[in-house]
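Chemist: Predicted model follows, preceded by the sequence.
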Amino acid sequence: MNDISWPVWTLEMTPSSGTSDSYPIEVGVACWTSPTASVTTWSTPISPRGQGDWGEPNPLLLERAGITAARLASAPAPDEVARQLNDIFMAATVYGRGGTVDVHLANRLNLAARVWPSYSLRTWRDICERHQDRASGAWDIVRASDGDAAKKASGTMMGIAHVLGCEPACRSVPTMAVSLPI
């Protein structure tokens, strides 16, 4: 665990479709401040309004993520979400479970927002590679998490905890305050 910087952050982005022109319709964050602390989560849908090249999202993906049309219509715009992520993460290394998909979606968000990310996005598998002796079974934990982006970000954190050989005090607690980055 000495090679990991605390707090540990995970990011989950829900795609609008399964195509290369997909954009993020929801973002979820999980934070684990120390090996004995609880994991806190936060998520928000992202409104595609005002984004000319962001077409209509796939209704099945919206349903799977639990995002209603009304919730999407009142969601913050990409620039608001991109700034919130910068405020939350500051200069941290953030781990996503989607590899190149997460990078693509983060790029789409930041380009639409015209906001440069303050954080570095990496795959959670980087941690697995450094701890191969404990990586077995971690992907099953990550893959088992389903639901909204916050639950998936928390699931990725549980995979990281497994690889690090420890268990958070609580898998997920009520959402963190966005205005108070740790």
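Modeler: Nice, thanks for sending it over. Predicted model only: the values in this text are computed from it and were never measured.

Chemist: alpha carbons only for contacts and neighbour counts from here, please
Modeler: Fine.

Chemist: mean confidence score for the longest helix along the chain?
Modeler: Within the chain, and with DSSP state H defining each element, the longest helix by residue count is helix 149-164. Summarised as a single mean, pLDDT over helix 149-164 is 92.

Chemist: so what's Leu11 up against?
Modeler: The neighbourhood of Leu11, defined by Cα atoms under 8 Å, 6 or more residues apart in numbering, consists of Val27, Gly28, Val29, Ala30, Val94, Tyr95, Gly96, Arg97, Ala153.

Chemist: What is the lowest-pLDDT residue among the residues you listed?
Modeler: Looking at these by pLDDT, the weakest one is Arg97, with 90.

Chemist: Give me the buried entries from the contacts of Leu11.
Modeler: Val27, Gly28, Val29, Ala30, Val94, Tyr95, Gly96, Arg97, Ala153 (16 or more other Cα atoms under 10 Å).

Chemist: In helices, which of those fall?
Modeler: Ala153.

Chemist: What is the nearest of the buried ones among the contacts of Leu11 to Val142?
Modeler: Arg97 (7.9 Å; Cα to Cα).

Chemist: Mind picking the one among the buried ones among the contacts of Leu11 that's closest to Trp54?
Modeler: Val27 (16.0 Å).

Chemist: Run a quick check on the closest one versus Ser16, I expect a contact.
Modeler: No. Taking contact to mean Cα atoms under 8 Å, the distance of 11.4 Å between Val27 and Ser16 leaves them out of contact.

Chemist: Give the burial count for Leu60, as a bare number.
Modeler: As a burial measure, Leu60 scores 12 neighbours (other Cα atoms under 10 Å).

Chemist: Repeat that for Asn110.
Modeler: Residues within reach of Asn110, counting by other Cα under 10 Å, total 18.

Chemist: Tell me the helix or strand right after the helix or strand hosting it.
Modeler: Take DSSP states H and E as the rule and Asn110 turns out to sit in helix 100-113. Tracing the chain C-terminally past helix 100-113 and defining elements by DSSP H and E, one meets strand 120-123 next.
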